[in-house]
Structure formats: structure tokens, C-alpha cells
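Trainee: what follows is a predicted protein model with its sequence.
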Amino acid sequence: MTYQTGMPPAARPEILSLDMSDLRHALREGWSDFLAQPTYGAFFATVYFAGGWLLFLAFTLKGQVWWTLPAAAGFPILGPFVACGFYEISRRREGGVPLVLSEILGAVFRQKDRQIPSMAAVIVVFFLFWNFLSHMIFALFLGKSTMTNVSSSMGVFLTPEGLAMLAFGTAVGAVFATLLYALTVVSLPMLLDDREVDFVTAMLTSLALVRENPVIMLGWGAFIASLLFVGMLPGFLGLFIVLPVLGHASWHLYRRAVAWA
């Protein structure tokens, strides 16, 4: 499977109406892809698993474990980076193309010459801005609180100021997560498809899909967030199953969500 350059831009695809049967189909196919190639799923999930632990250890060693909460809330938005590998696996299985790790990695690596880096920049900016904003929210509500160490300071989050910070931060984080989800839910798999689509068109198409199917797509986003949260609880180990299944399912949902002329 090759990628051509210099091709004329593809037309913007048609947005299709979705219902629960489409979500069930995507999950079934995602589970099927995972069971068919669990080794590949574990390989790409390891990147996310290692990143999660490195993030946690970095804050722990600095004595700032309380920053794990906003960082953990923002960390899943980096999932699309890992999902690129899952998209490629699902696409190859869909087309009956043999799965060879070197070729899969090469296909993902070749995206550096296409639109993926631009999407990556958008995601990174979201992640960095959210971490900056979480620090500002913390300072606004708890800037005057005394926090000497982790064991004696965690109770500050149960004070009225701490609870207000958690509530406000959660609401702001939910807005950021929803916006980023709407921009990337189908734009990333679209950019990995064999079509010359610019990242702005891909993001606008993704946003239009959520706008045209708000209940289904927002429900899908809530389902993804819930599974990622559950997967992170047991030491991030659950991500070895959750990430591959969701990554493969996202590709199949993209196939059901848009139609190319």
C-alpha cells in the first residue's frame, strides 16, 4: 500500500447519519481486529502505558503528585498519536493487506510528509494550554493554601476552595476535551486514508459529523473517556485492551460516518 504525493485534493466527503447500530458495528469490528492481532495492539499500547507511568513518576519525584490529576485528565488527548498505528492495522485488515510490523511502522512514519504533523501540532497545543490553564485554576482557588507535603496536604482538596477548584477545573477540562474530540474523532483516520485531504478540511469534517450527530457522537466520546479512565485505574494496565479496541473501532466508525464521492 503506497502513498502518492502531488495528487489533487480530494473533495470533502458526505456526512452520514449515525445511530447505535453504527457504534455497535464499530465496537464489534474493533474487538475483532484486536483479537486477530493482539501483539500489534500490545506494541502500540506500550507507548501509551510507558508515557503514563513516566508522567506519574515525574510528578511524584518532584513532590507534586497533586498535578497528576490535571495531567491525567489531559494525557488521554495524546491518544490519537498512538491510534495511528491501530488505524493502519485496521485499514490493512480491511483491504486484505498482509500485516508486517516494519511496513506498518513505515506507513505511519511516512505520515510526517503529509498532514499528520499539523494535526499533531494542534493536539500538542491543546494539551499544553490545558496544563497551563490547570495551573492557573489551581493558583486562583488554592494559591494561598499551605501545602507542605503530599501526606499532609491532600486534605486541602476537601476544603470549600478545593472542591470549588475541582468542580470548575472539571467543567473547563470537559469543554476542552469535547472540542478536541469533535475536531479529531474522524479527522485523524481520514488523514491516514489514501486521500489527499488537508488537516483543516479533516477537522471541519469531523466537527460537522459531531454537529450532525450530536447525541450519538457525544455519547461515543463519553464512552471512550469512561473506558480510558477505567483502563488507567489498575496501574494503566487496562490500556493494553482498551486502547487497541477503541483505536480499531474508531477506524471502523470513520468508515461508517463519511462517504466519499
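Mentor: Right, received. Where do you want to start?

Trainee: how many residues are close by Pro244?
Mentor: Per other Cβ atoms under 10 Å, the neighbour tally for Pro244 reads 29. For glycine as for every other residue, the C-beta is placed from the backbone atoms N, C-alpha and C.

Trainee: also Ala261?
Mentor: If we define neighbours as other Cβ under 10 Å, then Ala261 has 7 of them.

Trainee: pretty sure it is touching Glu14, no?
Mentor: Yes. With contact defined as Cβ atoms under 8 Å, Ala261 reaches Glu14; the gap is 7.4 Å.

Trainee: buried ones in stretch 103-113?
Mentor: Across stretch 103-113, burial judged by 16 or more other Cβ atoms under 10 Å covers Ile104, Ala107, Val108, Gln111.

Trainee: quick one: which of these is nearest Ala225?
Mentor: Distance ranking of the buried residues of stretch 103-113 against Ala225, using Cβ to Cβ, places Val108 first at 24.5 Å.

Trainee: buried residues in the top helix by length along the chain?
Mentor: Ordering each helix of the chain by length in residues (DSSP state H) puts helix 116-142 first. Going by neighbour count (16+ other Cβ under 10 Å), the buried part of helix 116-142 is 116, 119-120, 122-123, 126-127, 130-131, 133-134, 137-138, 141-142.

Trainee: what is that helix packed up against?
Mentor: Judged by 3 or more Cβ pairs under 8 Å, 6 or more residues apart in numbering; DSSP states H and E, helix 116-142 is in contact with helix 68-74, helix 79-95, helix 160-184, helix 187-192, helix 199-212.

Trainee: Ser32: neighbouring residues, count only.
Mentor: Around Ser32 there are 16 other residues, counting by other Cβ under 10 Å.

Trainee: ignore the last one, Phe176
Mentor: Applying other Cβ under 10 Å, I find that Phe176 has 18 neighbouring residues.

Trainee: which one of the buried residues of stretch 103-113 is nearest Val210?
Mentor: Nearest member of the buried residues of stretch 103-113 to Val210, counting by Cβ to Cβ, is Gln111, at 23.4 Å.

Trainee: the closest one contacts Asp193, doesn't it?
Mentor: No. Contact criterion Cβ under 8 Å: Gln111 and Asp193 do not qualify, at 11.2 Å.

Trainee: turn the helices and strands packed on helix 116-142 into a markdown table, including distance to Pro244 and mean pLDDT.
Mentor: Listed next are the helices and strands packed on helix 116-142 as a markdown table, based on distance: least, Cβ to Cβ, whole Å; pLDDT from 0 to 100:
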| stretch | distance to Pro244 | mean pLDDT |
| --- | --- | --- |
| helix 68-74 | 20 | 53 |
| helix 79-95 | 6 | 82 |
| helix 160-184 | 18 | 87 |
| helix 187-192 | 15 | 88 |
| helix 199-212 | 22 | 94 |
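
Trainee: among those, show me which one is buried the most.
Mentor: By mean neighbour count, with neighbours taken as mean count of other Cβ atoms under 10 Å, helix 187-192 ranks first of those at a mean of 26.

Trainee: show me what it packs onto, helices and strands only.
Mentor: Under the contact criterion of 3+ Cβ pairs under 8 Å, 6+ apart, helix 187-192 touches helix 79-95, helix 116-142, helix 199-212, helix 239-257.
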